[in-house]
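Asks: Show me how the following folds:
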Amino acid sequence: MMRDMAEPIYHFAVAHDGGNGYMKDAVNGERFVIPSVLSRVLPGNEQSKIESSKEGLEGVLSTLMNRMDITTQSDGINMNGRYLVGTGATIASTAPITFNVASTEGKSESDVSIISLLGLLTYVALVKHIKSTHQLPNKLDIVVDKMATSLPIEEMKIKSVGQRFANRFMQHQHVVIVNSFMQPITANITFKKVDVRPEGVIGQQGLIGYTNSQKRGYRADDIFDEFKKEYKLAKFAGKDVMEIGNVLNIDVGDGTTEFSVLNGAAPVPQLNSSIFLGTGTVTEAAVEALHQAYPTIGKVTRQAFMEIATRGNDQESKAYRSFLDAQLTLLEQPIEEKVKTIYARLNGQINLITISGGGATTLKQHFAPRLKQVVEGLSPFGAAPILWVPEKYTQTLNLDGLEFRLSYL
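Replies: All right, here's what the predicted structure looks like:
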């Protein structure tokens with residue numbers, strides 16, 4: 001059932017964390033996490049169409065975001081086409097398209113983040129429309145009034161990369177065609193303002209202040225509980241992070257690990273950098289090792305491998321974890337050396353170390369004792385405490401920072 005009257009314009013404020021493993025987005029304060037995966041839709045591999053009757057629409061609302069099927073038409077995209085986006089792409093019959101964590105291609109050059117976001121915004125607007133009207137729209141007009149996003153620190157060091165990435169959104173009209181129904185639905189998306197910040201730095205700001213969806217002020221929730229217990233502190237909050245002095249943040253992602261030193265909310269010059277290794281790199285090495293040991297197991301995606309490795313204590317999960325643990329030294333040794341270098345550059349003047357990012361939990365069990373030993377060896381007059389961001393927040397701390405930033409745009 002299609003709608004005849006004039007369609008509304010959907011205005012969004014967006015915080016977009018285009019992670020190598022998962023996209024984390026806040027659209028008008030509502031949060032979404034989807035796999036950073038696309039899959040080409042080829043003739044003969046199309047999904048079944050959704051019934052557009054009122055009953056059919058209401059029956060699929062809860063799962064519609066898992067069935068994103070779009071065709072893109074935008075000069076901001078290098079390779080337009082028809083794609084499944086997110087969860088639907090992870091189980092598609094065609095080869096998945098992800099960020100290539102083994103490549104030197106930067107996030108700013110990839111289509112994955114842009115196509116995934118365009119698909120998400122289209123389906124968010126579509127779901128809102130169906131819920132309010134119980135009908136499909138003839139078309140969708142979407143205006144992103146402001147968006148805060150981020151890129152790896154090393155990319156941001158290259159002149160104009162941040163602005164060029166922003167321009168891929170702002171300087172083009174983006175057309176997205178929804179293919180989920182018998183009748184295609186065309187969405188027109190425009191971006192008015194896009195602010196690009198360095199990863200790591202933006203995550204640290206998420207540790208200091210509350211996000212846009214909460215009250216303003218210094219953060220004081222349970223993100224600090226484990227840290228206070230470990231170091232026997234009566235209180236510790238975002239205000240302390242702001243005032244403690246030099247803070248080294250290690251943001252462990254899928255394809256990069258970001259090192260940033262902040263004093264208050266300001267980065268310390270010349271001390272922010274990246275290494276092009278992350279838990280995704282480690283996971284891909286583990287996938288290859290698993291395949292070599294068990295040839296009947298295909299080369300699964302990073303996301304599928306990690307779902308099995310962290311699923312529980314069954315025999316399969318333990319085997320996957322053993323392959324992962326064996327590869328973690330690929331990441332741990334460069335982190336250790338980078339920490340030593342930063343300590344030397346600052347003459348040991350580090351007052352707090354924070355470890356965040358989607359890969360932090362994977363790294364903690366294997367690396368926490370060794371990192372603590374290294375820091376103690378670098379600190380003859382008392383080692384800086386180490387705050388491992390709890391698992392429930394590791395994946396979304398950058399998004400917290402982006403929402404914090406968005407609230408001031």
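Asks: how far away is the closest residue to residue 30 other than its chain neighbours from residue 67?
Replies: The shortest distance from residue 30 to any non-neighbouring residue, by C-beta to C-beta, 6 or more residues apart in numbering, is to residue 124 (7.6 Å). Where you see a C-beta, it was placed from the backbone N, CA and C, and this is true even at glycine. Applying C-beta to C-beta, to the nearest Å, the value for residue 124 to residue 67 is 14 Å.
Asks: Between these two, which is the more surrounded one?
Replies: The neighbour count for residue 124 versus residue 67, taken as other C-beta atoms under 10 Å, is higher for residue 124 (21 against 18).
Asks: That one and residue 27 touch, don't they?
Replies: Yes - applying C-beta atoms under 8 Å as the test, residue 124 and residue 27 come out as touching, 5.2 Å apart.
Asks: which neighbours do the two share?
Replies: residue 12 (C-beta atoms under 8 Å, 6 or more residues apart in numbering).
Asks: Relative to the whole chain's centre, how far out is the one helix or strand residue 227 maps to?
Replies: Here residue 227 sits within helix 225-230, counting by DSSP states H and E. With C-alpha atoms, centre = their mean, to the nearest Å as the basis, helix 225-230 stands 26 Å off its chain's centre.
Asks: Can you list the helices and strands that it packs against?
Replies: If you count contacts as 3 or more C-beta pairs under 8 Å, 6 or more residues apart in numbering; DSSP states H and E, helix 225-230 packs onto strand 386-388.
Asks: I'd like the next helix or strand past the strand it packs on.
Replies: helix 391-394.
Asks: send the alpha carbons of that next one over as PDB?
Replies: The C-alpha coordinates for helix 391-394 follow below in PDB (Å, rounded to 0.1, in the frame of the first residue of the first chain):
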ATOM      1  CA  GLU A 391      33.200  -4.500  27.700                       C
ATOM      2  CA  LYS A 392      29.700  -3.000  27.600                       C
ATOM      3  CA  TYR A 393      31.300   0.400  26.600                       C
ATOM      4  CA  THR A 394      34.400  -0.600  24.600                       C
END
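Asks: picking that back up, quick one: mean pLDDT for the helix holding residue 227?
Replies: The pLDDT scores in helix 225-230 average 96.
Asks: what does stretch 203-217 give?
Replies: pLDDT averaged over stretch 203-217 gives 74.
Asks: Also stretch 381-394?
Replies: 94.
Asks: picking up where we left off before, helix or strand: which one has the residue nearest to residue 30?
Replies: helix 112-133.
Asks: Buried residues, that helix. List them.
Replies: For helix 112-133, the neighbour count (16 or more other C-beta atoms under 10 Å) marks 112-126, 128-130, 133 as buried.
Asks: What sits closest to residue 375 if chain neighbours are left out?
Replies: residue 383 (4.8 Å).
Asks: And what about that neighbour, helix, strand or coil?
Replies: coil (DSSP: H, G, I helix; E, B strand; the rest coil).
Asks: That one: neighbour count?
Replies: Neighbours around residue 383, by other C-beta under 10 Å: 17.
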